[in-house]
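Undergrad: Structure for this input, please:
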Amino acid sequence: MTRESEAAAALERGRAVLLVTPPAVEQAEALWGLLSGGSTVIVCSDSDSAEAWADAAPPALRVHAATGLDRSTRLLKEGAVDVLAGTPEDLQALATRSALKLDAVTTLVLAWPEWLLAGNRLAALEQLLGELREARRIVLAWNPPALEDLLERYARRPHVVGDLPLGEDARPLPPVAAARYAVVPRSRRGAVAREALDALNRPRVPQWRHGETVSETADAILCLDLPTRAELVQIAGRGEPILLVAPAQLPYARSIAAPLTALPLPTARDRAVSAADALRARVAARLDAGGLEPELGFLELLLQRYDAAEVAAALLAINREPAAAADQPKPAEEWVKVFVNVSKKDRASAKDFVGALTREVGLARTDIGRIELREGFSLLEIAPPVADQAIAGLGRVSIRGRRPTARRDRDVRAG
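TA: Presented below is the predicted three-dimensional model:
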């Protein structure tokens, strides 16, 4: 009995299935064999991913990407969709229009929800999950331990297909090779591939696709698809891997490749020559610090319409405009107080918290208010829109050698 047939049998028994795969549609071919009739919804992190599902679908399956609500509404009402792929927000909007009949959905697929959690979009996801309780559950994940709470609530004790990225000591597997990368939307991948070849300017740079084997030594290998951990080992044995990744794929790339260094592309570099040296150094330092995944997700739609250098120029122009009221320090009553069990006795400082929240959790400095350190705990003031992101993010970082526990201060007092 194959793994796929075992997974299908588990679904028939009402058990959820967890497919452990890199966050790329081409790596999840096994999913198609688990969709057996009825209506299926694939919850994606962004519209680019939804389009990838529609492009990769078997010819006999009518897969539609919810990238335009009016067209999606028409197709759904005409009964012309077998599988609908979209973000939780777009899917909920289609349900509100009565175009998507949630009670008729037989299979629900969560496609790599790690990015939704990192982007503080859990509320939209949980609302959708709550309305699809009767549907069969299939979860695609590259880092299942990060989804422990979500899986416990909505896919309890799933049947696992694939190898968890954990060693014999139950710790995350380390990166396997060094690589360089460029973040690029799928729609621009062909153009960026040419720019990458120009930037490398080496005689032997083959282009690699998932499932291929690199048989000859090369100066570099341009990965048009996202490799698995094992594939990256094979690629790195033949030449320097160059990864073209979508914003949602960057955390996975960092988990398998280190050091992972950005590849400057000629177009972006040539158009940035007018920036002041001091500002360039500041931007470079922030890029090196990492933790920009939420911002990349926010900018993704703009990067599909405009050149990256033009987006950066617009942000610089906005930064030079007079500060709006929203950018001013927030009154004390507008802050959310967050309790953290790391304190003075751990030799923690306000700088430690600010560094963790800005560099590793992705908050802006203006989202952080007063930080009060006491003997047994600390209280942080966080802007309300990003309070949940801060609480979830603090649970994944290390401060003075400790993994913090964070929650809203009122929750602590109520307990």
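
Undergrad: I'd say residue 296 and residue 247 touch.
TA: Yes. Here residue 296 reaches residue 247: they are 3.6 Å apart, a contact under Cβ atoms under 8 Å. Heads up, the C-betas are built off the backbone N, CA and C, glycines and all.

Undergrad: Mutual contacts of those two, please.
TA: Both residue 296 and residue 247 are contacted by residue 183, under the criterion Cβ atoms under 8 Å, 6 or more residues apart in numbering.

Undergrad: So these two - more neighbours on which side?
TA: Neighbours per residue, other Cβ atoms under 10 Å: of residue 296 and residue 247, the larger number sits with residue 247, 24 against 18.

Undergrad: got the contact list for the more buried one?
TA: 46, 183, 293, 296, 297, 299, 300.

Undergrad: Validate this expectation: residue 107 resides in a helix.
TA: No. With DSSP: H, G, I helix; E, B strand; the rest coil as the criterion, residue 107 is located in strand rather than a helix.

Undergrad: and it, how many residues sit next to it?
TA: 21.

Undergrad: Return the set of buried residues in the helix or strand hosting residue 123.
TA: Following DSSP states H and E, one finds residue 123 within helix 122-131. Of the residues in helix 122-131, those buried by neighbour count under the rule 16 or more other Cβ atoms under 10 Å are 122, 124, 125, 128, 129.

Undergrad: elements contacting it?
TA: helix 88-96, helix 114-118, helix 148-154, helix 387-394 (3 or more Cβ pairs under 8 Å, 6 or more residues apart in numbering; DSSP states H and E).

Undergrad: and which of the contacts of residue 247 is nearest residue 343?
TA: In terms of Cβ to Cβ, no member of these lies closer to residue 343 than residue 293, at 28.6 Å.

Undergrad: The closest one contacts residue 361, doesn't it?
TA: No. Contact criterion Cβ under 8 Å: residue 293 and residue 361 do not qualify, at 10.2 Å.

Undergrad: So for these two, which sits in the more crowded spot?
TA: Using other Cβ under 10 Å as the criterion, residue 293 and residue 361 rank with residue 361 on top: 24 against 20.

Undergrad: and the nearest residue to the more buried one once chain neighbours are set aside, how many neighbours does it have?
TA: Nearest in space to residue 361, with sequence neighbours left out and distances taken as Cβ to Cβ, 6 or more residues apart in numbering, is residue 393 at 3.2 Å. Using other Cβ under 10 Å, residue 393 has 23 neighbouring residues.

Undergrad: I'd say residue 393 and residue 362 touch.
TA: Yes. Using Cβ under 8 Å, residue 393 makes contact with residue 362 at a distance of 7.0 Å.

Undergrad: which residues are in contact with both of the two?
TA: With Cβ under 8 Å, 6+ apart as the test, residue 393 and residue 362 both reach residue 118.

Undergrad: on that earlier part again, name the stretch among the helices and strands packed on helix 122-131 that sits most buried.
TA: helix 114-118 (a mean of 23; mean count of other Cβ atoms under 10 Å).

Undergrad: Tell me which residues are up against that one.
TA: Counting by Cβ under 8 Å, 6+ apart, 23, 43, 45-46, 88, 122, 124-125, 141-143, 146-147, 150, 248, 251, 293-294, 297, 362, 392-393 sit against helix 114-118.

Undergrad: Would you mind writing the CA trace of it as PDB?
TA: The C-alpha coordinates for helix 114-118 follow below in PDB (Å, rounded to 0.1, in the frame of the first residue of the first chain):
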ATOM      1  CA  GLU A 114       3.000  29.000   8.000                       C
ATOM      2  CA  TRP A 115       3.000  32.200   6.000                       C
ATOM      3  CA  LEU A 116      -0.500  33.100   7.100                       C
ATOM      4  CA  LEU A 117       0.500  32.700  10.700                       C
ATOM      5  CA  ALA A 118       3.700  34.800  10.200                       C
END
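
Undergrad: contacting residues for residue 388?
TA: So residue 388 contacts 120, 122, 123 (Cβ under 8 Å, 6+ apart).
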